[in-house]
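Asker: Curious how this folds, go ahead:
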Amino acid sequence: MRRRAFTLIELLVVIAIIAILAAILFPVFAKAREKARQTRCLSQLHQIGMGLTMYLQDCEAYPQMSAPASAVPRTKWPDLIWPYVKSTQLFICPNADPALFSRRFTHDPNLTYGGYGYNYQYLGNSRLAWTAIDANISVPASTIALADTDGTRRDDGSVGAGQYTLDPPWPSTRGSGQPEGYYGTGSECGSGAQGCRARPAERHNELVNVAYADGHSKAVKRSTMDDLNRDGTWDNGFWNGVADAAVR
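Answerer: Next up is the predicted model:
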């Protein structure tokens, strides 16, 4: 009895079909994996945001983004929120650039964090020895507290500063503590109008994960964060605590 083998043409057709199916399915799988990472990151940020609200309840004021430069050890806002969430892994976004993970926890210097930024200009700026109280944030559901950050980037893409901070699109009237009005200064900055800004990072399907001052979290476009009244012009409405596009 003769066995019928595949012809070369039949084999090539099968290979072509497999290649076509792979080309169709691989992007779908990649998108699903990215969506899972986005969901994980958003969950982490939500837990950190809840820790921030508990800190506010206990201390009756928001944390400063860091202790003064002269402090030893020099705590930063993740050090203050960590006791409320009890997990250092929450402070590492799975999609963040590893170059952002350069800050070390004071309770365990072997562990690093970075990539989630704090709205320090409106909530707590150690450079100016200022911190907001609950009454300063009259519209917490529309006030950015924490979000994915890209830090301050130089023109070559390297991280200059701001691994744990966020700047609004316009410098606040209170100020950043730097002459540029943003977190970065001098050689830390890139060129352009926002070259010294610690910018929100659209790292999840071109969206930024955001935790608001009332504790809820969601993913939005950076352009949405920077334009409360949606007129196409930058404003600090989602940053300033009063949900007013005219207030800096």
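Asker: Three-state assignment for the nearest residue to residue 128 once chain neighbours are set aside, please.
Answerer: With Cβ to Cβ, 6 or more residues apart in numbering as the criterion, residue 128 has its nearest non-adjacent residue at 5.3 Å, and that residue is residue 177. The C-beta positions use only the backbone N, C-alpha and C, and glycine is treated the same way. In three-state terms, and counting by DSSP: H, G, I helix; E, B strand; the rest coil, residue 177 is coil.
Asker: List the residues that contact residue 177.
Answerer: Contact partners of residue 177, counting by Cβ atoms under 8 Å, 6 or more residues apart in numbering, are 125, 127-128.
Asker: Please tell me how far it sits from residue 130.
Answerer: Using Cβ to Cβ, to the nearest Å, we find residue 177 at a distance of 9 Å from residue 130.
Asker: And for residue 195?
Answerer: 25 Å.
Asker: try residue 192
Answerer: 28 Å.
Asker: Tell me which of those two has more neighbours.
Answerer: residue 130 (18 against 9; other Cβ atoms under 10 Å).
Asker: Now do that one against residue 14, distance only.
Answerer: Taking Cβ to Cβ as the measure, residue 130 falls 68 Å from residue 14.
Asker: So which residue is smack in the middle of the protein?
Answerer: In the chain, the residue lying closest to the centroid (Cα atoms, centre = their mean) is residue 148, at 1.0 Å.
Asker: Which element is encountered next along the chain beyond the longest helix along the chain?
Answerer: Longest helix in the chain by number of residues (criterion: DSSP state H): helix 8-59. Next in sequence after helix 8-59, counting helices and strands by DSSP states H and E, comes helix 77-85.
Asker: Report the inter-axis angle for the top strand by length along the chain versus helix 77-85.
Answerer: Assignment by DSSP state E gives strand 144-153 as the longest strand of the chain. Orientation check (axes from the mean of the first three to the mean of the last three Cα atoms, to 10 degrees): strand 144-153 against helix 77-85 gives 140 degrees.
Asker: Tell me the strands beside strand 144-153, with direction?
Answerer: strand 116-119 (antiparallel), strand 159-161 (antiparallel), strand 199-200 (antiparallel), strand 208-212 (antiparallel) (DSSP bridges).
Asker: Point out the most buried one among those.
Answerer: Across the strands paired with strand 144-153, the average number of neighbours (mean count of other Cβ atoms under 10 Å) peaks for strand 116-119, which reaches a mean of 30.
Asker: what does the next helix-or-strand element following that one contact?
Answerer: Following strand 116-119 in sequence order, the next helix or strand is helix 120-123 (DSSP H and E). With contacts defined as Cβ under 8 Å, 6+ apart, helix 120-123 is touched by 62-65, 77, 131-132, 136-137, 143, 145, 165-168, 171-172, 174-176, 183, 213, 239-241.
Asker: buried subset of these?
Answerer: Among those, the ones that count as buried by 16 or more other Cβ atoms under 10 Å are 62-65, 77, 131-132, 137, 143, 145, 165-168, 171-172, 176, 183, 213, 239-241.
Asker: close enough to count as contact, residue 84 and residue 51?
Answerer: Yes. Using Cβ atoms under 8 Å, residue 84 is in contact with residue 51, at 3.6 Å.
Asker: And the residue nearest to residue 128, how close does it get to residue 117?
Answerer: 16 Å.
Asker: what sits against residue 95?
Answerer: Counted by Cβ under 8 Å, 6+ apart, residue 95 has contacts 34, 37-38, 41, 203-204.
Asker: got a pLDDT number for it?
Answerer: Note for residue 95: predicted pLDDT of 90.
Asker: now the one 3 residues further on
Answerer: Residue 98 carries a pLDDT score of 94 in this model.
Asker: shaky segments in this structure?
Answerer: By pLDDT under 70, the weakly predicted segments of the chain are 1-6, 25-32.
Asker: Please repeat the previous calculation with a cut-off of 80.
Answerer: Applying pLDDT under 80 to the chain flags the ranges 1-14, 21-38.
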